[in-house]
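Chemist: Sequence and computational prediction follow.
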Amino acid sequence: MKKKTTGVAVFLTLMTGVLIGGAVGQDQPQKKDGPAKYRMTTETPPGIASPDKVETRLGTFKFFDGFPDEASVEKLYDHLDF
């Protein structure tokens with residue numbers, strides 16, 4: 001008894017191409033006179049962004065995208081160990 005799987009394989013291949021092809025280019029940046037903006041972008045409310053550096057009694061902690069850099073992490077761990 002021979003199974004017919006070629007029809008299912010062709011169907012899945014075509015549907016994958018349609019789904020992937022339809023998704024390409026949907027969220028491309030809209031370029032105007034300023035920086036590129038995506039259609040599905042939520043503006044960051046003022047006051048919730050983390051600063052690039054924070055002055056403390058232990059020294060200056062530097063951050064990138066809200067995460068401390070290696071030197072800041074080491075400084076904090078050294079203080080906790082002390």
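Modeler: Arrived safely. On a predicted model such as this, the values are computed, not experimentally measured, just so you know. Residues are numbered from 1 along each chain as shown.
Chemist: which residues touch the closest residue to residue 53 other than its chain neighbours?
Modeler: Excluding the flanking residues, the one nearest residue 53 by CB to CB, 6 or more residues apart in numbering is residue 62, at 4.8 Å. C-beta coordinates here come from the backbone N, C-alpha and C atoms, glycine included. Contacts for residue 62 were tallied using CB atoms under 8 Å, 6 or more residues apart in numbering; they are 52, 53, 68, 69, 71, 72.
Chemist: ok, 10 Å please
Modeler: Taking CB atoms under 10 Å, 6 or more residues apart in numbering, we find residue 62 in contact with 51, 52, 53, 54, 68, 69, 70, 71, 72, 75.
Chemist: correct me, but the second one touches residue 63?
Modeler: Looking back up the chat, that one is residue 52. Yes. Look at residue 52 against residue 63 with CB atoms under 10 Å: they come within range, at 5.9 Å.
Chemist: who touches the host helix or strand of residue 74?
Modeler: Using DSSP states H and E, the element containing residue 74 is helix 70-81. For helix 70-81, contacts defined as CB under 10 Å, 6+ apart pick out 53-54, 56-64, 67-69.
Chemist: right, and the helix or strand after the helix or strand of the chain with the lowest mean pLDDT?
Modeler: Of all helical and strand segments in the chain, the minimum by mean pLDDT, DSSP states H and E falls on helix 6-23, at a mean of 61. Going down the chain from helix 6-23, the next helix or strand is strand 53-56, by DSSP H and E.
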